[in-house]
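K.L.:
With the sequence up front, the predicted model follows.
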Amino acid sequence: MKWIARVVALLVSFSSLGVRADPLFDRGVALAALARGMVAAENAGDAAAVLALFLPNDDIAYYEGVTEAAGRDAALAALTDRLGQLPAGALVTTAPRILVEAATGWIVVDWEWGGAAGRQIARARRHSGAWALDALDFDGESADGAIGALDGGFNAAGAISAVDGPIRAMEQGAVAFSEGDEAAMDAVIVAEKDDFVFTTADGDRWQGRDGIVRAGFAVVFNEVPEGVAREEMTLFVGAGLGRAIAFQTIDGQRVSLLLERRDRWRVVEASLGPPLDILPVAEPRSMTTTWAHLRRRSR
(Lines give C-alpha, C1' and ligand atoms only; values in the text may rest on other atoms or scores of the structure.)
Protein backbone atom coordinates (compact mmCIF):
# COMPACT_ATOMS: atom_id res chain seq x y z
CA MET A 1 0.00 0.00 0.00
CA LYS A 2 2.96 2.32 0.46
CA TRP A 3 3.52 2.55 -3.28
CA ILE A 4 -0.08 3.76 -3.73
CA ALA A 5 0.51 6.57 -1.25
CA ARG A 6 3.68 7.54 -3.07
CA VAL A 7 1.92 7.63 -6.44
CA VAL A 8 -0.86 9.78 -5.01
CA ALA A 9 1.71 12.15 -3.50
CA LEU A 10 3.52 12.46 -6.82
CA LEU A 11 0.32 13.14 -8.71
CA VAL A 12 -0.57 15.88 -6.22
CA SER A 13 2.92 17.37 -6.67
CA PHE A 14 2.64 17.35 -10.47
CA SER A 15 -0.79 18.93 -10.44
CA SER A 16 0.37 21.74 -8.14
CA LEU A 17 3.56 22.48 -10.04
CA GLY A 18 2.10 23.63 -13.34
CA VAL A 19 4.18 26.80 -13.27
CA ARG A 20 7.19 28.13 -11.42
CA ALA A 21 8.88 31.46 -10.86
CA ASP A 22 10.97 32.54 -13.83
CA PRO A 23 14.64 32.89 -12.77
CA LEU A 24 15.20 35.36 -15.59
CA PHE A 25 12.55 37.66 -14.11
CA ASP A 26 13.68 37.17 -10.50
CA ARG A 27 17.31 38.02 -11.26
CA GLY A 28 16.27 40.84 -13.56
CA VAL A 29 14.18 42.46 -10.83
CA ALA A 30 17.18 42.53 -8.47
CA LEU A 31 19.40 44.07 -11.16
CA ALA A 32 16.70 46.60 -12.10
CA ALA A 33 16.57 47.76 -8.48
CA LEU A 34 20.33 48.27 -8.63
CA ALA A 35 19.91 50.27 -11.86
CA ARG A 36 17.22 52.49 -10.31
CA GLY A 37 19.45 53.19 -7.32
CA MET A 38 22.34 54.12 -9.62
CA VAL A 39 20.24 56.52 -11.73
CA ALA A 40 18.62 58.13 -8.67
CA ALA A 41 22.01 58.75 -7.03
CA GLU A 42 23.43 60.20 -10.24
CA ASN A 43 20.42 62.46 -10.69
CA ALA A 44 20.96 63.74 -7.17
CA GLY A 45 24.63 64.41 -7.93
CA ASP A 46 25.64 62.00 -5.16
CA ALA A 47 28.73 60.13 -6.33
CA ALA A 48 29.22 58.52 -2.91
CA ALA A 49 25.74 56.97 -3.13
CA VAL A 50 26.61 55.55 -6.54
CA LEU A 51 29.84 54.05 -5.21
CA ALA A 52 27.89 52.54 -2.29
CA LEU A 53 26.26 50.26 -4.89
CA PHE A 54 29.67 48.84 -5.86
CA LEU A 55 31.45 45.79 -4.46
CA PRO A 56 33.10 46.50 -1.10
CA ASN A 57 36.60 45.67 -2.32
CA ASP A 58 38.88 47.93 -4.35
CA ASP A 59 38.70 45.87 -7.58
CA ILE A 60 36.26 48.29 -9.17
CA ALA A 61 36.53 50.81 -11.98
CA TYR A 62 34.78 53.84 -13.44
CA TYR A 63 35.20 54.92 -17.08
CA GLU A 64 34.72 58.17 -18.99
CA GLY A 65 35.44 57.66 -22.65
CA VAL A 66 38.51 55.44 -22.62
CA THR A 67 39.84 56.93 -19.37
CA GLU A 68 39.88 54.47 -16.49
CA ALA A 69 39.62 55.37 -12.80
CA ALA A 70 40.58 52.13 -11.06
CA GLY A 71 39.93 51.62 -7.37
CA ARG A 72 37.39 53.21 -5.02
CA ASP A 73 39.18 56.52 -4.35
CA ALA A 74 39.92 57.20 -8.02
CA ALA A 75 36.40 56.19 -9.10
CA LEU A 76 34.81 58.43 -6.47
CA ALA A 77 36.93 61.42 -7.47
CA ALA A 78 36.23 60.99 -11.18
CA LEU A 79 32.49 60.45 -10.78
CA THR A 80 32.20 63.37 -8.33
CA ASP A 81 33.82 65.62 -10.92
CA ARG A 82 31.54 64.33 -13.71
CA LEU A 83 28.33 64.75 -11.74
CA GLY A 84 29.41 68.20 -10.62
CA GLN A 85 29.49 69.32 -14.26
CA LEU A 86 25.87 68.35 -14.91
CA PRO A 87 22.64 69.90 -13.62
CA ALA A 88 21.22 67.86 -10.73
CA GLY A 89 17.67 66.64 -11.22
CA ALA A 90 17.77 66.90 -15.02
CA LEU A 91 18.75 63.32 -15.86
CA VAL A 92 16.43 61.66 -18.40
CA THR A 93 16.93 57.94 -18.91
CA THR A 94 15.31 54.96 -20.51
CA ALA A 95 14.20 52.09 -18.33
CA PRO A 96 17.09 49.65 -17.88
CA ARG A 97 17.87 46.97 -20.42
CA ILE A 98 19.46 44.08 -18.54
CA LEU A 99 21.37 41.01 -19.66
CA VAL A 100 21.14 38.27 -17.04
CA GLU A 101 23.94 35.73 -16.82
CA ALA A 102 24.43 33.07 -14.16
CA ALA A 103 26.72 35.16 -11.95
CA THR A 104 27.02 38.43 -13.88
CA GLY A 105 24.52 41.06 -14.92
CA TRP A 106 24.85 43.88 -17.44
CA ILE A 107 22.81 47.07 -17.06
CA VAL A 108 22.32 49.38 -20.04
CA VAL A 109 20.65 52.80 -19.68
CA ASP A 110 20.45 55.44 -22.40
CA TRP A 111 20.55 58.97 -20.97
CA GLU A 112 20.23 62.66 -21.80
CA TRP A 113 21.50 65.26 -19.40
CA GLY A 114 22.28 68.96 -19.80
CA GLY A 115 22.39 68.82 -23.59
CA ALA A 116 24.62 65.74 -23.60
CA ALA A 117 23.58 62.17 -24.36
CA GLY A 118 25.12 58.75 -23.92
CA ARG A 119 24.66 55.15 -22.94
CA GLN A 120 25.69 53.96 -19.51
CA ILE A 121 26.88 50.39 -19.26
CA ALA A 122 27.36 48.86 -15.83
CA ARG A 123 28.42 45.36 -14.85
CA ALA A 124 27.17 43.70 -11.69
CA ARG A 125 28.31 40.60 -9.86
CA ARG A 126 26.81 38.57 -7.05
CA HIS A 127 28.40 39.24 -3.66
CA SER A 128 27.21 37.65 -0.41
CA GLY A 129 23.92 36.70 -2.03
CA ALA A 130 23.22 40.17 -3.47
CA TRP A 131 24.10 42.05 -6.65
CA ALA A 132 26.67 44.86 -6.62
CA LEU A 133 28.39 46.85 -9.36
CA ASP A 134 32.05 46.36 -10.18
CA ALA A 135 32.39 48.59 -13.26
CA LEU A 136 30.56 51.60 -14.71
CA ASP A 137 31.13 53.03 -18.18
CA PHE A 138 29.36 56.40 -18.18
CA ASP A 139 29.50 57.08 -21.92
CA GLY A 140 29.29 53.59 -23.41
CA GLU A 141 32.71 53.38 -25.07
CA SER A 142 33.06 49.76 -23.92
CA ALA A 143 30.29 48.75 -26.35
CA ASP A 144 32.90 48.88 -29.11
CA GLY A 145 35.58 46.84 -27.32
CA ALA A 146 37.83 46.72 -24.29
CA ILE A 147 38.79 49.95 -22.52
CA GLY A 148 41.08 50.39 -19.52
CA ALA A 149 43.53 47.91 -18.07
CA LEU A 150 41.96 46.63 -14.83
CA ASP A 151 41.56 42.84 -15.07
CA GLY A 152 42.38 42.96 -18.78
CA GLY A 153 40.08 45.85 -19.55
CA PHE A 154 36.33 46.38 -19.49
CA ASN A 155 34.64 45.00 -22.59
CA ALA A 156 30.85 45.21 -22.99
CA ALA A 157 30.75 44.44 -26.72
CA GLY A 158 29.36 40.94 -26.21
CA ALA A 159 26.71 42.11 -23.77
CA ILE A 160 25.57 44.92 -26.06
CA SER A 161 25.37 42.54 -28.99
CA ALA A 162 23.19 40.22 -26.90
CA VAL A 163 20.71 42.92 -25.87
CA ASP A 164 20.46 45.00 -29.04
CA GLY A 165 18.33 42.44 -30.93
CA PRO A 166 15.76 42.10 -28.12
CA ILE A 167 15.75 45.90 -27.70
CA ARG A 168 14.79 46.40 -31.35
CA ALA A 169 12.07 43.74 -31.16
CA MET A 170 10.74 45.18 -27.91
CA GLU A 171 10.64 48.71 -29.30
CA GLN A 172 8.81 47.60 -32.46
CA GLY A 173 6.41 45.50 -30.41
CA ALA A 174 5.67 48.30 -27.95
CA VAL A 175 4.71 50.65 -30.77
CA ALA A 176 2.65 48.05 -32.66
CA PHE A 177 0.62 46.86 -29.68
CA SER A 178 0.12 50.29 -28.09
CA GLU A 179 -1.26 51.60 -31.41
CA GLY A 180 -3.26 48.48 -32.24
CA ASP A 181 -1.60 48.30 -35.66
CA GLU A 182 -2.45 44.79 -36.86
CA ALA A 183 -0.02 44.89 -39.78
CA ALA A 184 2.82 46.01 -37.50
CA MET A 185 1.89 43.37 -34.92
CA ASP A 186 1.83 40.72 -37.61
CA ALA A 187 5.34 41.74 -38.67
CA VAL A 188 6.86 41.59 -35.19
CA ILE A 189 5.28 38.43 -33.74
CA VAL A 190 6.52 34.89 -34.35
CA ALA A 191 6.29 33.53 -37.88
CA GLU A 192 4.53 30.49 -36.38
CA LYS A 193 1.32 32.44 -35.79
CA ASP A 194 -0.36 29.66 -33.81
CA ASP A 195 2.31 30.09 -31.12
CA PHE A 196 1.33 33.69 -30.44
CA VAL A 197 -0.84 34.45 -27.39
CA PHE A 198 -2.54 37.70 -26.39
CA THR A 199 -3.83 37.94 -22.81
CA THR A 200 -6.38 40.56 -21.80
CA ALA A 201 -6.37 42.41 -18.49
CA ASP A 202 -9.04 39.94 -17.30
CA GLY A 203 -6.79 36.99 -18.06
CA ASP A 204 -8.56 35.79 -21.20
CA ARG A 205 -6.07 34.17 -23.59
CA TRP A 206 -6.43 34.52 -27.36
CA GLN A 207 -4.18 32.41 -29.54
CA GLY A 208 -2.82 32.77 -33.05
CA ARG A 209 -4.34 35.25 -35.48
CA ASP A 210 -7.34 35.66 -33.17
CA GLY A 211 -4.86 37.09 -30.66
CA ILE A 212 -3.68 39.71 -33.14
CA VAL A 213 -7.25 40.77 -33.88
CA ARG A 214 -8.11 40.84 -30.16
CA ALA A 215 -5.04 42.99 -29.46
CA GLY A 216 -6.30 45.48 -32.04
CA PHE A 217 -9.70 45.60 -30.38
CA ALA A 218 -8.01 46.17 -27.01
CA VAL A 219 -6.76 49.52 -28.29
CA VAL A 220 -10.14 50.42 -29.83
CA PHE A 221 -11.90 49.66 -26.52
CA ASN A 222 -9.31 51.62 -24.47
CA GLU A 223 -8.11 48.52 -22.64
CA VAL A 224 -4.46 49.46 -23.18
CA PRO A 225 -3.39 51.94 -20.48
CA GLU A 226 -2.20 55.33 -21.68
CA GLY A 227 1.52 55.88 -21.48
CA VAL A 228 2.88 52.64 -22.92
CA ALA A 229 6.26 53.64 -24.35
CA ARG A 230 9.28 51.72 -25.55
CA GLU A 231 11.55 54.06 -23.54
CA GLU A 232 9.68 53.13 -20.35
CA MET A 233 9.70 49.36 -20.82
CA THR A 234 12.19 47.48 -18.69
CA LEU A 235 13.82 44.59 -20.57
CA PHE A 236 15.35 41.43 -19.14
CA VAL A 237 17.33 39.24 -21.55
CA GLY A 238 18.48 35.75 -20.60
CA ALA A 239 22.02 35.18 -21.84
CA GLY A 240 22.02 32.06 -24.03
CA LEU A 241 18.35 31.35 -23.37
CA GLY A 242 16.86 32.98 -26.45
CA ARG A 243 14.21 34.53 -24.18
CA ALA A 244 13.48 38.04 -23.00
CA ILE A 245 10.75 39.77 -20.99
CA ALA A 246 9.79 43.43 -21.49
CA PHE A 247 7.28 45.14 -19.24
CA GLN A 248 5.95 48.46 -18.00
CA THR A 249 3.63 49.11 -15.07
CA ILE A 250 1.13 51.96 -15.42
CA ASP A 251 -1.20 52.80 -12.52
CA GLY A 252 -0.82 49.27 -11.21
CA GLN A 253 -1.48 47.59 -14.56
CA ARG A 254 1.39 45.70 -16.13
CA VAL A 255 1.86 45.57 -19.89
CA SER A 256 4.25 42.79 -20.90
CA LEU A 257 5.88 41.26 -23.96
CA LEU A 258 7.56 37.87 -24.06
CA LEU A 259 10.23 37.65 -26.76
CA GLU A 260 12.00 34.64 -28.21
CA ARG A 261 14.85 34.30 -30.67
CA ARG A 262 13.62 32.22 -33.59
CA ASP A 263 14.63 33.23 -37.11
CA ARG A 264 15.16 36.56 -35.35
CA TRP A 265 13.88 38.10 -32.13
CA ARG A 266 10.07 38.08 -32.17
CA VAL A 267 7.13 38.63 -29.82
CA VAL A 268 5.61 35.34 -28.64
CA GLU A 269 3.17 36.68 -26.06
CA ALA A 270 1.65 40.02 -25.12
CA SER A 271 -0.25 40.60 -21.89
CA LEU A 272 -2.30 43.48 -20.48
CA GLY A 273 -2.40 42.19 -16.94
CA PRO A 274 -1.36 38.67 -15.93
CA PRO A 275 2.42 38.75 -15.48
CA LEU A 276 4.80 36.93 -17.76
CA ASP A 277 7.18 36.15 -14.90
CA ILE A 278 6.23 32.48 -14.51
CA LEU A 279 7.22 29.44 -16.51
CA PRO A 280 5.39 26.21 -17.30
CA VAL A 281 7.09 23.03 -16.23
CA ALA A 282 9.58 21.83 -18.82
CA GLU A 283 7.43 19.00 -20.15
CA PRO A 284 4.52 16.81 -19.03
CA ARG A 285 5.16 15.11 -15.69
CA SER A 286 8.48 16.87 -15.14
CA MET A 287 8.93 18.58 -11.81
CA THR A 288 10.25 22.07 -12.56
CA THR A 289 12.30 23.85 -15.18
CA THR A 290 15.70 24.79 -13.81
CA TRP A 291 17.96 27.57 -15.09
CA ALA A 292 20.45 24.93 -16.29
CA HIS A 293 17.72 22.94 -18.02
CA LEU A 294 16.50 26.05 -19.81
CA ARG A 295 20.01 26.66 -21.08
CA ARG A 296 20.30 23.10 -22.35
CA ARG A 297 16.95 23.22 -24.13
CA SER A 298 17.89 26.44 -25.93
CA ARG A 299 20.95 24.90 -27.59
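P.N.:
Here it is on my side, so go on.
K.L.:
Report how many residues lie close to the residue lying closest to T199 once chain neighbours are set aside.
P.N.:
Distances taken as Cβ to Cβ, 6 or more residues apart in numbering put S271 closest to T199, at 4.1 Å, once the chain neighbours are dropped. Glycine gets a C-beta too; all of them are placed from N, C-alpha and C. Using other Cβ atoms under 10 Å, S271 is surrounded by 20 other residues.
K.L.:
For D204, see how far away S271 is.
P.N.:
Remark: distance between S271 and D204 (Cβ to Cβ, to the nearest Å) = 11 Å.
K.L.:
Please parse this structure into its domains.
P.N.:
For the chain, the domain assignment from automatic domain parsing gives the residue ranges 23-155, 162-297.
K.L.:
ok, of those, where does mean pLDDT dip lowest?
P.N.:
In terms of mean pLDDT, the lowest-scoring of these is domain 162-297 (a mean of 86).
K.L.:
Please state the offset of that one from the chain centre?
P.N.:
Its chain's average C-alpha position is 13 Å from that of domain 162-297, according to Cα atoms, centre = their mean, to the nearest Å.
K.L.:
what about R209, helix or strand, and which?
P.N.:
Per DSSP states H and E: R209 is located in helix 208-220.
K.L.:
wait, what's in contact with the residue nearest to the spatial centre of the chain?
P.N.:
The geometric centre of the chain, computed from its C-alpha atoms, lies nearest to F236 (Cα atoms, centre = their mean), at 1.8 Å. Applying Cβ atoms under 8 Å, 6 or more residues apart in numbering to F236 gives the contacts 24-25, 27-28, 31-32, 98, 100, 244-246.
K.L.:
Of these, just say which sits nearest to A74.
P.N.:
Closest approach to A74 among these (Cβ to Cβ): L31, at 25.0 Å.
K.L.:
any idea how far L76 is from A35?
P.N.:
If you measure L76 against A35 using Cβ to Cβ, the figure is 20 Å.
K.L.:
of these two, who's got more company?
P.N.:
Residue environment comparison for L76 versus A35 gives the larger neighbour count to A35, 26 against 18, counting by other Cβ under 10 Å.
K.L.:
Am I right that the more buried one falls within a helix?
P.N.:
Yes - counting by DSSP: H, G, I helix; E, B strand; the rest coil, one finds A35 located in a helix.
K.L.:
tell me the contacts of it?
P.N.:
Counting by Cβ under 8 Å, 6+ apart, A35 makes contact with 96, 98, 107, 109, 122.
K.L.:
Please flag which of those residues sit within strands.
P.N.:
Applying DSSP state E to the contacts of A35, the entries found in strands are 98, 107, 109, 122.
K.L.:
which of the residues you listed has the most neighbours?
P.N.:
Counting by other Cβ under 10 Å, top hit in the ones in strands among the contacts of A35: I98 with 30 neighbours.
K.L.:
quick one, what contacts the nearest residue to H127 once chain neighbours are set aside?
P.N.:
On the basis of Cβ to Cβ, 6+ apart, the spatially nearest residue to H127 that is not a chain neighbour turns out to be L55, at 5.5 Å. When contacts are counted by Cβ under 8 Å, 6+ apart, L55 touches 125, 127, 132-134.
K.L.:
Among those, which ones are in strands?
P.N.:
When DSSP E is applied, the contacts of L55 are split such that 125, 127, 132-134 fall in strands.
K.L.:
thinking again about what came up before, which element follows the helix holding R209 toward the C-terminus?
P.N.:
Reading on from helix 208-220 to the C-terminus, the next helix or strand found by DSSP H and E is strand 234-238.
K.L.:
Could you give me the buried positions within that following strand?
P.N.:
Residues of strand 234-238 classed as buried: 234-238 (neighbour count, 16 or more other Cβ atoms under 10 Å).
K.L.:
try stretch 143-151
P.N.:
Using 16+ other Cβ under 10 Å as the burial criterion, the residues of stretch 143-151 that qualify are 143, 147-148, 150.
K.L.:
between those, which is nearest T199?
P.N.:
Distance from T199 was checked for each of those by Cβ to Cβ. The minimum falls on A143, at 34.6 Å.
K.L.:
Specify the local secondary structure of the residue nearest to the closest one when sequence neighbours are not counted.
P.N.:
When the adjacent residues along the chain are set aside, A143 lies closest to I160, with 4.3 Å between them (Cβ to Cβ, 6+ apart). Taken by three-state DSSP, the conformation at I160 corresponds to helix.
K.L.:
Please apply the same query to the one 4 residues further on.
P.N.:
Using three-state DSSP, the secondary structure recorded for D164 is helix.
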